[in-house]
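Participant: Give me a model of this one.
(2 chains)
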Amino acid sequence: MAEAPNAGEAYRELAPAVLGYLRSQRVAEPEDVLGEVFLQVARDLRRGRFKGDADGLRRWVFSIAHNRAVDAHRKRSRNRSDPSDEVEDARVADAPPDPVDPELVDALAALSADQREVVLLRFVADLPLEAVAKVTGRTTGAVKALQHRALENLRRSVSRGSD
Amino acid sequence: MTDMYEPEDGLTRRLRALGELPIDSATQSRHLTAMAEAAAAPSLLGTFGNRVRIAVALIVGFLLGTTGLASAGALGPLQPIASETLSKVGVNVPEGDAGTERFRGDTDEPCADVEYKNHGQYVKAVRAQGGDAAEAAASRCGKPVRAGEGDDDTADAESDADGKGGKPDDAGKPENPGKSEEKKAAKADKASGGDAAGDAKSNADGRTVPDGSSVAEEKTADTPATTRPADQAARPSDGS
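Facilitator: Okay, the predicted model is just below:
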């Protein structure tokens, strides 16, 4: 029987990728959301809700991160009429440029939500196609198609930006 | 994890680099501390064993509570059921009386031979049989046996004696008990076009009294004139 993964080790190994995923999804306060994600990971590990290997752990952690990102976007779009949310929108808009690759993150923002989701889970989270399909609730074929179109669009945007 | 659809190139390398930026130590430390606290916090419903223990405690608590109420005879209409059920497992509790015990009459104060469940029904039944409803209303028939028992009488007697408290005999009764009867009579007369209706119309303020005289007349007769009395008017003021 495989030993249950340790929450601290999972954090050290996966937190940079999760933070990059959340930042690229333009989630407001990505560091706070990262903390929430791993808090849930720690609680669920203690309750024995996860059983699997390292690949399974990666997919599970990114499922939680994905759900948090979806919740954050849904909340923002639902409360768009709420004046307090305008402050949050402004915070997202005024957020400092991505510390790694601002041009690429801007190009990602121009993609459709489906394409961006797939390409981030595939390359930032480094999940295989099948895992992305499971996390997003799509078929592997649909994920492949979305990934293909997303990369095409990104290439066009990035090359246009560098011209 | 490269597949045949997207060979590794500059774009995919840039995408992967987005997830490789290390987290600053302060944020990392904050998160790890919160995670350690969450992992250390006891969870009441966390494990299956705990859930079973809580369920057992709830069931035992329910059984103890129910049995306690049953043995105190405080389950009301469920008391006979509880008594029967518990007797099967060897626990004896009172059978109860399936409701409040009510006064059914005795040698001092007999009740009429009518069917009733409470005092209101008793009065109604007596009236329906053509009996004296007022007497029925004044009786204890159909009232809970325990009502009015205990030390209250003594307390009332004491308070009546010193005149400081207690409920007066006519407490709660209307000031003019005959008025409703008069109103009914007036209504009946009005319906039949009788004199009372005519009298009421002819009165200045439209109010009638039992003998047909107006309230205005009563006022004139009983109350002094609103003008200042003669002796008071004649008395000179002290200041002037």
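Participant: Domain boundaries for chain A, per the record?
Facilitator: As given by automatic domain parsing, the domain ranges for chain A are A:1-95, A:98-163.
Participant: Which one, of the ones you listed, ends up nearest to B:Ala136?
Facilitator: domain A:1-95 (67.4 Å; Cβ to Cβ). For the C-beta atoms, the positions are set from N, CA and C on the backbone; glycine is no exception.
Participant: Which of the domains of chain A has the lowest mean pLDDT?
Facilitator: Least confident of the domains of chain A, judged by mean pLDDT, is domain A:1-95 with a mean of 80.
Participant: out of the domains of chain A, nearest to B:Cys141?
Facilitator: Short answer: domain A:1-95, nearest of those by Cβ to Cβ, at 66.0 Å.
Participant: Could you tell me how far that closest one lies from the centre of the chain?
Facilitator: Its chain's average C-alpha position is 7 Å from that of domain A:1-95, according to Cα atoms, centre = their mean, to the nearest Å.
Participant: how about it, does it reach chain B?
Facilitator: Yes - Domain A:1-95 comes into contact with chain B (Cβ under 8 Å from any Cβ of the partner chain), by way of A:7-8, A:11, A:15-21, A:23-24, A:31, A:34-35, A:38-39, A:41-43, A:45-47.
Participant: ok, residue 16 - contacts?
Facilitator: Defaulting to chain A. By Cβ atoms under 8 Å, 6 or more residues apart in numbering or on different chains, the contact list for A:Pro16 reads B:Gly19, B:Glu20, B:Leu21, B:Pro22, B:Ile23.
Participant: was after chain B, sorry
Facilitator: Taking Cβ under 8 Å, 6+ apart, one finds A:Phe123, A:Val124, A:Asp126 in contact with B:Arg16.
Participant: With B:Tyr116 instead?
Facilitator: Here B:Tyr116 is in contact with B:Tyr122, B:Lys124, B:Ala125, B:Cys141, B:Gly142 (criterion: Cβ under 8 Å, 6+ apart).
Participant: Let's verify the fourth one: helix, strand, or coil?
Facilitator: Assigned by DSSP: H, G, I helix; E, B strand; the rest coil, the conformation of B:Cys141 is coil.
Participant: count of neighbours near the nearest residue to it once chain neighbours are set aside?
Facilitator: Leaving aside its sequence neighbours, B:Cys141 sits nearest to B:Cys111 (Cβ to Cβ, 6 or more residues apart in numbering or on different chains; 3.8 Å). B:Cys111 has 18 neighbours, counted by other Cβ atoms under 10 Å in any protein chain shown.
Participant: my guess is B:Cys111 contacts B:Val123, does it?
Facilitator: No - if you go by Cβ atoms under 8 Å, B:Cys111 and B:Val123 don't touch, sitting 11.0 Å apart.
Participant: which neighbours do those two share?
Facilitator: Shared contacts of B:Cys111 and B:Val123 (Cβ under 8 Å, 6+ apart): B:Gly142.
Participant: hmm, back to that, in TSV, list the contacts of B:Arg16 along with neighbour count, secondary structure and distance to A:Gln147.
Facilitator: TSV is the format used below for those (neighbours: other Cβ atoms under 10 Å in any protein chain shown; DSSP: H, G, I helix; E, B strand; the rest coil; distance: Cβ to Cβ, whole Å):
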residue	neighbour count	secondary structure	distance to A:Gln147
A:Phe123	28	helix	9
A:Val124	26	helix	13
A:Asp126	17	coil	13
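Participant: Work out for me the element A:Glu9 sits within.
Facilitator: helix A:7-24 (DSSP states H and E).
Participant: Mind giving me the packing neighbours of the very next helix or strand once past that helix?
Facilitator: Downstream of helix A:7-24, the first helix or strand assigned by DSSP H and E is helix A:30-46. Applying 3 or more Cβ pairs under 8 Å, 6 or more residues apart in numbering or on different chains; DSSP states H and E, we find helix A:30-46 packed against helix A:7-24, helix A:54-78, helix B:25-40.
Participant: Mind putting these into a markdown table with distance to B:Leu78?
Facilitator: Formatted as a markdown table, these follow (distance: least, Cβ to Cβ, whole Å):
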| stretch | distance to B:Leu78 |
| --- | --- |
| helix A:7-24 | 51 |
| helix A:54-78 | 48 |
| helix B:25-40 | 46 |
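Participant: Out of those, indicate the one that is most buried.
Facilitator: helix A:7-24 (a mean of 22; mean count of other Cβ atoms under 10 Å in any protein chain shown).
Participant: Might you list the low-confidence residue ranges for chain B?
Facilitator: Residues of chain B that meet the criterion pLDDT under 70 lie in B:1-8, B:41-47, B:96-99, B:147-240.
Participant: Tabulate the CA atom coordinates of stretch A:47-67 in PDB.
Facilitator: Provided in PDB are the C-alpha atoms of stretch A:47-67 (Å, rounded to 0.1, in the frame of the first residue of the first chain):
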ATOM      1  CA  ARG A  47      -9.300  12.900   6.200                       C
ATOM      2  CA  GLY A  48      -7.900  10.300   3.900                       C
ATOM      3  CA  ARG A  49      -9.900  11.500   0.900                       C
ATOM      4  CA  PHE A  50      -7.100  11.100  -1.500                       C
ATOM      5  CA  LYS A  51      -5.600   7.700  -2.400                       C
ATOM      6  CA  GLY A  52      -3.200   7.500  -5.300                       C
ATOM      7  CA  ASP A  53       0.200   8.100  -6.700                       C
ATOM      8  CA  ALA A  54       2.200  11.200  -7.500                       C
ATOM      9  CA  ASP A  55       0.500  11.700 -10.900                       C
ATOM     10  CA  GLY A  56      -2.900  11.300  -9.300                       C
ATOM     11  CA  LEU A  57      -1.900  13.800  -6.600                       C
ATOM     12  CA  ARG A  58      -0.900  16.300  -9.300                       C
ATOM     13  CA  ARG A  59      -4.200  15.900 -11.100                       C
ATOM     14  CA  TRP A  60      -6.200  16.100  -7.800                       C
ATOM     15  CA  VAL A  61      -4.500  19.300  -6.700                       C
ATOM     16  CA  PHE A  62      -5.100  20.900 -10.000                       C
ATOM     17  CA  SER A  63      -8.700  19.800  -9.900                       C
ATOM     18  CA  ILE A  64      -9.000  21.800  -6.700                       C
ATOM     19  CA  ALA A  65      -7.200  24.700  -8.200                       C
ATOM     20  CA  HIS A  66      -9.300  24.600 -11.300                       C
ATOM     21  CA  ASN A  67     -12.500  24.600  -9.200                       C
END
